[in-house]
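Peer 1: Provided below for reference: sequence and predicted model.
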Amino acid sequence: MRASPATDAAASLIADLIAHGVRDLVLSPGSRSQALALAAVHFHGRGLLRVHVRIDERVAGFTALGLSRETGAPTAVVCTSGTAVANLLPAVMEAFHAGIPLLLLTADRPPELRGVGANQATIQPGVFTPFVRLSLDAPVPGDGDWSGLAAGAVSVACGADAEGGLPGVAGPVHLNLPAREPLSGAVPLFEVEPGSVPLRVAEPARVLEQGPRTVVIAGADAGADAEEIAHQGSWPLIAEIVSGARFGRRVVHGYRALLNDPTLGGRIERAVVLGHPTLSREAARLLSRSEVEVIAVRRGGEALDLNGRTTPAASVSVAPGEADREWLGAWMAASAALAVDLSERAPDVDGLASKDFTARRDAVQVELEAVRRPLDRELLVDAVWRATWPHDRLVFGSSRLVRVADSVLGGKKVPVHANRGLAGIDGTIATATGIAAASQAEGAQGITRVLLGDLAFLHDVGALLLPPDEPQPRLQVIVGNDAGGTIFDGLEVAASAPPADLDRAFYTPHDVHLEHLALAYGWAYHRVTTRAALDQVLTTPAAGRQLIEVPLPR
C-alpha cells in the first residue's frame, strides 16, 4: 500500500488527542476525511478510543455535545469538507454559549484548490468565528505536520489555557485539516498511553459577606454548587428545573410568583447567579434591575450582564457571619404555601373495605376515575420526575413541557441536562444519546430519559438512527404530542396574530404517525394515555431504546 502523509498525520493527531485525555470521537463519513476516520477506527479497535458514527453531521455535532456534557472532557468531531462543516454550526453555537468543550476536526482541500471552483471546496478556515475559542488552519501533511496541535487544542477547549482561550471557561476549538491525495493508506502503529484532560485555570473565589438580602439563582448547568452556596449563606435558592440544583432545604417553590411579590422579590438587594437562567421572565427582570447587585459565575462564552453592572466571578464562597434568619424564613414560609402536590390521591382504604355497599361502590368509583384520568402536561412531567433517580439522567427539550416542569415540580437531586445555552429545539435527541452513551460507558446503571414536545422530536428525528454495531443506549424518549407548537400560546403572538395565521405559521400542526417512525428506526414504541400506564412503562423499561408517545390536548 502506498504511503499517505495524510494518514500518518491523522494517526499522529488522534494518538496525541488520546494522550491528552480525549476518549470519544464522533465521525460522519466522507471522502476528504477518510484518513481521520480510518485512524479513529484503528484506535477504537485497540480499545483506546470510543468511536460513534452518525451519517448526519448536525446529529454528530449534538451527539458530541451530549458526550462532552456528561463527561466534562472534549469530544472530537470528524467530518468531510464542504456543507458537512456547516452542519456542525448549531452544536458549536450551543457549546460556545454553554461552555461545553468540543474539538472540531474538519477535513479540507489543500490551499491550491480553494477559491478556484474545485468540487466541494469552500471557505472553511474561520467558518465558526466567533463561536470557537481557537481556530487553526493546519498545514498540508508533507508541507508541515500536525504535531503539537492536540495539546493546545485540548487545553483551550477545557479552559485550561489562559492565553489561547478564556481563563477557566470551556468551549469549542476548530482545527481545519487540509490534505492532498493519496487520502488514505496503512495506519502507522503508535504506542499511546491514555492521559487526562487538563484542569481549568484556577482563579480566586469571590467571597460573599452576609448583610444584603440575597437570593441564589441557579440556571442551566449550575449543578450542586448552587445548592451548596445557598446552604452556606442560608439564602433562598431559586433553582430552575434544568439547573441540577433543585434540591435541599433552601429550594423555593413557586418562585415566579414570589419574585413578583414586592415584600420578597421586590426587596432583594443581591442575586448570586450560577449557570444560565433562561426559563422565566421574572428572573430576567430581577437580573436587569439596576439597584440589585448581581454576581454571576461565568460558565459560557458570554458574561451575564443584564443590568449593565453585573460582577463576573470564577467561583464564589461564603464568609462566616450571622445569617438573616428573618429573610430566609419569609421566603421558606411563602414557598411552602405554593408547593404543588401532583401525587395521586391515596386510596380510601376504609371505603374500599367497608361492609356498606354504597361506601364501597363510591370508593371503587373514585379509584377507577383516578386510574383512567387522561394525562395532562402537569401529570406527565410529574410522572417522569418521580421515575428518575440519581443513577439516571434526565434531559429536557426546549418545549412547553420544560416550563410546566419548572412551574410545578418539587425538589429532587437528579442529574439534569438541557441545551439552554441558546435554548434551541434542535439536537435534543442526539444530545441525549450522547449523554446516555457517555454515562453508560463509564458504568452508570440507570436510564437516560429525554422529555420533549412533538416539534422538538420531529426536528431531530434523524438522531433515532443508530448503527447496529454500536452499544445500544438505555434511552427513553418521551414525547408530549399536542400536534403542534402550543408553546406559542404563552407568547405575545397568540394575542396579536389572526387565528388562521397563528395556526399555520406558529403552531404548524401535523399528523405524523410516531409509531411508524419508531418502527422504521428500530425503536420499541408505547402510546400511553393514563397516569397508571405511564408509570408502568417508565419504571419497567425494556432493554435498549423506547419511544413513548403521550397525546396531550391542544
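Peer 2: The structure has been received and is ready for your questions. Treat the numbers as computed from the prediction; the structure is a model and nothing was measured.
Peer 1: Show me the strands in the stretch 301-450 of the chain, by range?
Peer 2: In the stretch 301-450 of the chain, the segments counted as strands under DSSP state E, counting those that start in this stretch are 311-313, 316-318, 393-396, 416-418, 448-453.
Peer 1: Can you pull up the most central residue in this structure?
Peer 2: What sits nearest the mean C-alpha location of the chain, by Cα atoms, centre = their mean, is Ala418, with 3.2 Å.
Peer 1: That residue touches Arg393, doesn't it?
Peer 2: No: here Ala418 lies out of contact with Arg393, judged by Cβ atoms under 8 Å, at a distance of 11.3 Å. All C-beta atoms are positioned from the backbone trio N, CA, C, and that covers glycine.
Peer 1: Correct me if wrong: Ala205 contacts Val297.
Peer 2: No: the criterion here is Cβ under 8 Å, and Ala205 misses it with Val297 at 9.4 Å.
Peer 1: okay, these two: which has more neighbours?
Peer 2: It is Val297, of Ala205 and Val297, that has more neighbours when counted by other Cβ atoms under 10 Å, with 21 against 13.
Peer 1: Leaving out chain neighbours, which residue sits closest to the more buried one?
Peer 2: Leaving aside its chain neighbours, Val297 sits nearest to Leu274 (4.8 Å; criterion: Cβ to Cβ, 6 or more residues apart in numbering).
Peer 1: Is Val479 part of a helix or strand, or is it coil?
Peer 2: Three-state assignment for Val479 (DSSP: H, G, I helix; E, B strand; the rest coil): strand.
Peer 1: the strands in the stretch 151-300 of the chain, which residues?
Peer 2: Taking DSSP E, counting those that start in this stretch as the criterion, the stretch 151-300 of the chain contains strands spanning 172-178, 206-208, 214-218, 237-239, 270-274, 293-297.
Peer 1: nearest to Leu380, of those?
Peer 2: Smallest distance to Leu380 across the strands of the stretch 151-300 of the chain (Cβ to Cβ): 20.7 Å, for strand 237-239.
Peer 1: how far does stretch 190-203 stretch from start to finish?
Peer 2: 37 Å (Cα to Cα, to the nearest Å).
Peer 1: Likewise for stretch 155-172?
Peer 2: Using Cα to Cα, the end-to-end distance of stretch 155-172 comes out at 11 Å.
Peer 1: Please apply the same query to stretch 236-252.
Peer 2: Using Cα to Cα, first and last residues of stretch 236-252 are 6 Å apart.
Peer 1: can you give me how far it is from the chain middle?
Peer 2: Offset of stretch 236-252 from its chain centre (Cα atoms, centre = their mean, to the nearest Å): 18 Å.
Peer 1: please renumber so the chain begins at 57
Peer 2: Got it, the first residue is 57 from now on, which makes the last one we talked about stretch 292-308.
Peer 1: in the protein, which helix or strand is least confident?
Peer 2: Least confident helix or strand, the chain: helix 405-409 with a mean of 64, by mean pLDDT, DSSP states H and E.
Peer 1: shouldn't Ala116 be in contact with Ala140?
Peer 2: No: Ala116 lies out of contact with Ala140 (Cβ under 8 Å); the separation is 9.2 Å.
Peer 1: Of these two, which one has the most company?
Peer 2: Ala116 (26 against 23).
Peer 1: Correct me if wrong, but the more buried one is in a helix.
Peer 2: Yes: applying three-state DSSP, one finds Ala116 inside a helix.
Peer 1: Not counting its neighbours along the chain, what's nearest it?
Peer 2: Arg110 (4.0 Å).
Peer 1: show me what contacts that neighbour?
Peer 2: 82-84, 116, 119, 486, 519, 521 (Cβ atoms under 8 Å, 6 or more residues apart in numbering).
Peer 1: ok, so of the residues you listed, who is nearest Pro609?
Peer 2: Each of the contacts of Arg110 was checked against Pro609 using Cβ to Cβ; the closest is Ala519, at 27.1 Å.
Peer 1: Tell me, how many residues neighbour that closest one?
Peer 2: 27.
Peer 1: Helix, strand, or coil at it?
Peer 2: Once three-state DSSP is applied, Ala519 turns out helix.
Peer 1: No further questions, thank you.
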